[in-house]
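Asks: Sharing a model prediction with you, sequence too.
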Amino acid sequence: MNDNEWACTFDGREERAFFQPGIKPSVEYTIGGRRRRPDCQSYRTEREARTRLAELVARSTLA
């Protein structure tokens with residue numbers, strides 16, 4: 001793992017969230033290998049994308 005990726009196993013399924021850099025940075029979120037579309041999005045800035053990644057991790061970890 002690194003600062004761009006987070007993963008865990010919950011109820012036997014792997015959950016993964018990761019930051020993708022680029023002109024329009026994005027965050028991808030999968031559960032059991034399937035994209036969870038409401039949580040996958042492109043952003044205007046890297047900061048916005050990294051903030052969203054942190055929110056996904058907090059929601060999944062602290063819930």
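Replies: Here it is on my side, so go on. Numbers count the residues shown, from 1 in each chain.
Asks: Listing partners with orientation, what would you give for the biggest strand by length in the chain?
Replies: Using DSSP state E, we find that the single longest strand of the chain is strand 13-20. Applying DSSP bridges, strand 13-20 is found paired with strand 5-10 (antiparallel), strand 26-31 (antiparallel).
Asks: which parts of whatever helix or strand residue 59 lives in are buried?
Replies: In this assignment (DSSP states H and E), residue 59 forms part of helix 46-62. The neighbour-count check on helix 46-62 (16 or more other Cβ atoms under 10 Å) flags 49-50, 52-53, 56, 60 as buried. No exception for glycine: its C-beta is placed from N, CA and C like everyone else's.
Asks: Point to the residue nearest the middle of the protein.
Replies: residue 17 (2.7 Å; Cα atoms, centre = their mean).
Asks: is it true that it touches residue 55?
Replies: No: the pair residue 17 / residue 55 is not scored as a contact, 9.6 Å apart, by Cβ atoms under 8 Å.
Asks: tell me the angle of the longest strand of the chain relative to helix 46-62?
Replies: 160 degrees (axes from the mean of the first three to the mean of the last three Cα atoms, to 10 degrees).
Asks: Show me what counts as buried in strand 13-20.
Replies: For strand 13-20, the neighbour count (16+ other Cβ under 10 Å) marks 15, 17-19 as buried.
Asks: Before we move on, what's the pLDDT of residue 13?
Replies: You'll see residue 13 listed with a pLDDT of 91.
Asks: That one - nearest residue in space that isn't next to it in sequence?
Replies: Among residues not flanking residue 13 along the chain, residue 32 sits closest, at 3.9 Å (Cβ to Cβ, 6 or more residues apart in numbering).
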